[in-house]
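Asker: structure of the sequence below:
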Amino acid sequence: MFTANIADYIPENSLLVFNNTKVIHARIFFTTEKGAKVEVFCLEPLEENADMVSVMSKTKRVKWKCMVGRASKWKRKY
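Answerer: So this is what the prediction gives:
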């Protein structure tokens, strides 16, 4: 339940930190030929000093730092 008196519920000498960062929905889902699910989560662009607005509006390639879920199921074909 939301309350406007949140201070009543926080113990004394506690530290409360607010995070106002923006999160983009940057998950890409794949299914392998064998039916395994693979998820790629794009964390941040690799360009130095890149702001998210300019990166997301680009029409050319952008390299990203990513985490790959179930990466062992993703086999590269040669």
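
Asker: ok, and the closest non-adjacent residue to W64?
Answerer: Among residues not flanking W64 along the chain, C42 sits closest, at 4.5 Å (Cβ to Cβ, 6 or more residues apart in numbering). In this view, the C-beta of every residue, glycine as well, is placed from N, C-alpha and C.

Asker: that neighbour touches I28, doesn't it?
Answerer: Yes - C42 is within contact range of I28, at 7.2 Å (criterion: Cβ atoms under 8 Å).

Asker: for the two, indicate the residue with more neighbours.
Answerer: The neighbour count for C42 versus I28, taken as other Cβ atoms under 10 Å, is higher for C42 (15 against 11).

Asker: just want the most central residue of the protein.
Answerer: L43 (4.6 Å; Cα atoms, centre = their mean).

Asker: so who does it touch?
Answerer: The neighbours of L43, taking Cβ atoms under 8 Å, 6 or more residues apart in numbering as the test, are A26, W64, K65, C66, M67.

Asker: element containing it?
Answerer: strand 37-45 (DSSP states H and E).

Asker: mean confidence score for that strand?
Answerer: The pLDDT scores in strand 37-45 average 86.

Asker: now it, how far from the chain's geometric center?
Answerer: Its chain's C-alpha centre and that of strand 37-45 lie 7 Å apart, by Cα atoms, centre = their mean, to the nearest Å.
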